[in-house]
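J.: My questions concern the predicted model and sequence given below.
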Amino acid sequence: MSIQERFRRRLSPRNLQFAFGVFAVLAGTLIALRQDAPHPLFQAAGTAGYLCAAALSFRSWFALGRAGTAALTRRILIVFHLIFVPAQFLFLLAHQLPWLGMLLSTMIVVGLKPRIPQLGRTSRKVWLTLHVGIGVGWLGVALGMLVLSIVGMTTDRHELRHNAYVLVETFDKALAIPSVFLVIVTGAVVSLGTPWGLIKHRWVLTKLIIALSLPILATFEGTWSETLTERTEDPTAEPGGTGILLICALALFLSLLWIATILSVFKPGGRTRWGRRESTQERRPEITVTLAGVDPVAHRTAALDLTPAKGALLPAWEPGAHIDLVLPSGRVRQYSLCGDPADRHRYRIAVLHESDGRGGSAEVHRLAPGTTVRIRGPRNHFPLIDAPSYLFIAGGIGIAPFIPMIERLAADGARWHLVYRGQAPTAMAFHEQLARSHARQVTIAPADRQPRPDLAAILSAAPAGTAVYCCGPEAMLATVETLMPAFCPQGTLHVERFASSSRASGIPEAPFEAEMRRSGRVVQVPADRSLLSVLQDVDPSLDFSCENGVCGSCETRVLDGVPDHRDDVLQPGDRDRRDVIYPCVSRVRGSRIVLDL
């Protein structure tokens, strides 16, 4: 084991959680024993908060080591630490140890790799309204505190001066501090639950920096306002330099809040360096790989192992991802990765030989070990979301993306069930492996031996919040999509297709114009041409592959305008998105769209 791997293992979320428990006991004790704590209320809150955190940490340390409870514990810890990070800002009013606590909480959350589902349209509006509303309210409180601090500094009346600083301190504790907590929590939910992200776009990153800097500024401002309240009890005392510092701090506070509010409304600026790097990774250059082995896993189905050049590492991927395989003939086909995501030295795909296909699968089956091919990706439009339980419905080779998902969930101790339909056992890839390793959670239903599974009954029995994943023939997907609203309204559906479906929007084909914001070009898209083909007239280097709205390789960011989504990449809950378009098949609702090109 390398030094890097040993270091990573020592910093595993489980070990960090134990370390956080030890820290919480120490922090809670030291905060409780502090004799000169400036804020007894926050001293008591810090003591109680850290002692409760210590109890949760030690219990979680045991639970993370047990397969049956690891998944639920992981979700609990993600939520706890996301809330506890801003909560520890409040404890800074009693002691300086919470700085270390916030660092440990952040490291634990990062190590747990939270998979936060995208917010639906209504939920997104609710959370965004809460975030902006609380921020504007906080802005009003800050303005009031600034006015009061100026009054306290400039008035000659002792009673007015003292009362002004008393109100500043009261507003700080009763309104400003809760606002810090609520703004950070709602902002994190909105950012992580939407395509905005925390660091992808300049305006979001700027808001994040402001949100994290304001509590630091508040610790100084709170100390100064408390000092001035005590000092001005003496009728002869003057605010002095402390009064000027308080005015400056509150003016800076107000300015930063105004900037954050303006950023929320106008969302200016493009991607950050990290966001551009992520966007670039979505369009990675082709990688040359070698076919290291071919393993027959079912009748007419082979698993192919692809390895990079000696010593190189393949790009990391998560369950649900797929790659583009560029064949020697120039054909490009998409295949789900079905190997181990932790193995950066090997990709595994499973390919069904379709005798009536377009020739791609037949060419793959003719490849011999040692053949050099190229790949693009990986890309993931079928990610494994965080959910209380999972139902997988697979048909034929549609089992491929579920293999790494199932292994991930099994390792986490999550609740899941697989229904796997195929023509015959000999034609069902990986069925023996699944039945051997997960017999109680897998239902194998070969058509030559069993009737078609009662999908309506299976969906009806799914627990609340179940994530339903379906991949297979179009008839199966259409059936599940039809049954979901009536028989499983308590779940969320996620589908991946092999071929495009018909997504007529009911909107007549009409011309529109597309602005390429970065290049400054404006192109006209006639009714009889796709947006992608017109864009390629200007920039032939644009990525594309299937041209049927299935693979997602042509994904393009939308800056303005309303896409008419006709692709099969977006999941049912994401079809109202306005930040992305797949131009090979999708069009525009209206006469104009602005693209990040």
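T.: All right, it came through fine. Model, not experiment: these values are computed from the prediction. Residues are numbered from 1 along each chain as shown.

J.: Direction included, what does the top strand by length along the chain pair up with?
T.: Identified as the longest strand of the chain according to DSSP state E is strand 287-298. As defined by DSSP bridges, the strand partners of strand 287-298 come to strand 301-307 (antiparallel), strand 372-379 (antiparallel).

J.: Quick one: mean pLDDT over the longest one.
T.: It stands for strand 372-379. When pLDDT is averaged over strand 372-379, the result is 89.

J.: Which positions within it qualify as buried?
T.: 373, 375, 376, 377, 378, 379 (16 or more other C-beta atoms under 10 Å). Every residue, glycine included, has its C-beta placed from N, CA and C.

J.: could you dump those to CSV with distance to residue 17?
T.: Shown next, in CSV, are those (distance: C-beta to C-beta, whole Å):
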residue, distance to residue 17
373, 43
375, 37
376, 38
377, 34
378, 30
379, 33
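
J.: Endpoints of stretch 295-314, how far apart?
T.: Across stretch 295-314, the terminal residues are separated by 21 Å (C-alpha to C-alpha, to the nearest Å).

J.: sorry, that was for stretch 587-597
T.: Using C-alpha to C-alpha, one end of stretch 587-597 lies 16 Å from the other.

J.: how about that stretch: buried residues?
T.: In stretch 587-597, counting by 16+ other C-beta under 10 Å, buried: 587, 588, 593, 594, 595, 597.

J.: Which of those fall within helices?
T.: Among those, no member is found in helices (DSSP state H).

J.: from those, which has minimum pLDDT?
T.: residue 597 (86).

J.: which residues touch residue 396?
T.: 352, 421, 422, 423, 427, 428, 472, 473 (C-beta atoms under 8 Å, 6 or more residues apart in numbering).

J.: tell me which residues form a beta bridge with the second one?
T.: Judged by DSSP bridges, the bridge partners of residue 421 are residue 395, residue 445.

J.: The strands paired with strand 287-298: which one's closest to residue 433?
T.: Among the strands paired with strand 287-298, the nearest to residue 433 by C-beta to C-beta is strand 301-307 (10.8 Å).

J.: returning to that earlier point: between the buried residues of stretch 587-597, which is closest to residue 218?
T.: For these, the closest approach to residue 218 (C-beta to C-beta) belongs to residue 594, at 39.0 Å.

J.: any idea how far the closest one is from residue 123?
T.: Between residue 594 and residue 123 the computed distance is 26 Å (C-beta to C-beta, to the nearest Å).

J.: And residue 454, by the same measure?
T.: As judged by C-beta to C-beta, residue 454 and residue 123 stand 32 Å apart.

J.: So for these two, which sits in the more crowded spot?
T.: residue 123 (16 against 11; other C-beta atoms under 10 Å).

J.: wait, doesn't residue 264 sit right on residue 135?
T.: Yes: Residue 264 sits in contact with residue 135 when judged by C-beta atoms under 8 Å, with a separation of 6.7 Å.

J.: Counting neighbours, what do you get for the closest residue to residue 295 other than its chain neighbours?
T.: In space, residue 295 comes closest to residue 303 once its chain neighbours are excluded; the distance is 4.4 Å by C-beta to C-beta, 6 or more residues apart in numbering. Residue 303 is flanked by 20 other residues according to other C-beta under 10 Å.

J.: cool, residue 135 as well?
T.: Other residues near residue 135 number 20, with proximity taken as other C-beta under 10 Å.

J.: sorry, back to before: need the buried residues of stretch 587-597 in JSON lines (columns: distance to residue 517).
T.: As requested, the buried residues of stretch 587-597 are exported to JSON lines (distance: C-beta to C-beta, whole Å):
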{"residue": "587", "distance to residue 517": "19"}
{"residue": "588", "distance to residue 517": "15"}
{"residue": "593", "distance to residue 517": "10"}
{"residue": "594", "distance to residue 517": "6"}
{"residue": "595", "distance to residue 517": "7"}
{"residue": "597", "distance to residue 517": "7"}
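
J.: Pick out whichever of the residues you listed sits closest to residue 522.
T.: Closest approach to residue 522 among those (C-beta to C-beta): residue 594, at 9.4 Å.

J.: residue contacts, the closest one?
T.: Taking C-beta under 8 Å, 6+ apart, one finds 514, 515, 517, 558, 559, 560, 561 in contact with residue 594.

J.: returning to that earlier point: farthest-separated two in the contacts of residue 396?
T.: Top of the distance list for the contacts of residue 396 (C-beta to C-beta): 352 and 421, 14.3 Å.

J.: mind checking which helix or strand residue 323 is in?
T.: Per DSSP states H and E, residue 323 falls inside strand 322-326.

J.: In its sheet, which strands sit next to that strand, and in what direction?
T.: In the sheet, strand 322-326 lines up with strand 332-336 (antiparallel), strand 372-379 (antiparallel) (DSSP bridges).
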